[in-house]
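In: Mind looking at a prediction? Sequence and model below.
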Amino acid sequence: MKRFHTLLLAAGLALLTACSGGGSGMTASEYLTENVALWNGTATTVQQWTIGPRGEELQKALGEGKGLATFKSGLEGARAEMKQYLGMIDQMPPADDAKDVHQKLRTYVQSSDEMFAILLEMAALPEGYDKAQIMPLAEKLQAVGNRIDGEMQALDAAQDAYAKKHGIQLQRH
């Protein structure tokens, strides 16, 4: 289902890009809809690996120090999704008054990609790894997680301000 959602999002963006001369002709409402959709897609994937079932399974494996390799494929898929979202963001150039909200989305997705890169490093640890191997990665992950929280709040505020400026009723899922 998630792959279908991603493909549907990509097809919708491709259609908007084709119909609007490379994205520059998007209305403020169309732009914000795409911006929020990309944020929702990113947030859904991040949550699966942090507070969702996949995250719980990964935390258990990290605590036991074994079975991490089983997460590699899923984490690679999540990272590929972040790369896809970054490409989609780059294909929808914003109007001048949307550059702030655009950059905040891009920064949030980049940080999410960085989080998945760190999780992939963790998944590559050998069975029975020691504290010296995991601690630097755990510290990097904590720093990125804190940054992502701040970036989400900044993006939320920027989307709200953009919506208010253009009289758009903002709907998030």
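Out: Ah, there it is.

In: mind listing what the residue nearest in space to the middle of the chain touches?
Out: Compute the mean C-alpha point of the chain, and by C-alpha atoms, centre = their mean the closest residue is T42, 3.0 Å away. Contacts for T42 (C-beta atoms under 8 Å, 6 or more residues apart in numbering) come out as M82, Y85, Y108, V109, S112. Where you see a C-beta, it was placed from the backbone N, CA and C, and this is true even at glycine.

In: element containing G74?
Out: helix 72-90 (DSSP states H and E).

In: and the angle from the following helix or strand past that helix to helix 72-90?
Out: On the C-terminal side of helix 72-90, the nearest following helix or strand under DSSP H and E is helix 99-123. Between helix 99-123 and helix 72-90, the angle comes out at 170 degrees (axes from the mean of the first three to the mean of the last three C-alpha atoms, to 10 degrees).

In: May I see the buried residues of helix 99-123?
Out: Judged by neighbour count (16 or more other C-beta atoms under 10 Å), helix 99-123 contains these buried residues: 100-102, 104-106, 108-109, 111-116, 118-123.

In: now stretch 47-59
Out: Across stretch 47-59, burial judged by 16+ other C-beta under 10 Å covers W49, T50, R54, L58.

In: Rebuild the residues you listed as a markdown table, extending it with distance to L170, secondary structure and pLDDT.
Out: Output for the buried residues of stretch 47-59, formatted as a markdown table (distance: C-beta to C-beta, whole Å; DSSP: H, G, I helix; E, B strand; the rest coil; pLDDT from 0 to 100):
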| residue | distance to L170 | secondary structure | pLDDT |
| --- | --- | --- | --- |
| W49 | 26 | helix | 96 |
| T50 | 24 | helix | 94 |
| R54 | 29 | helix | 95 |
| L58 | 32 | helix | 95 |
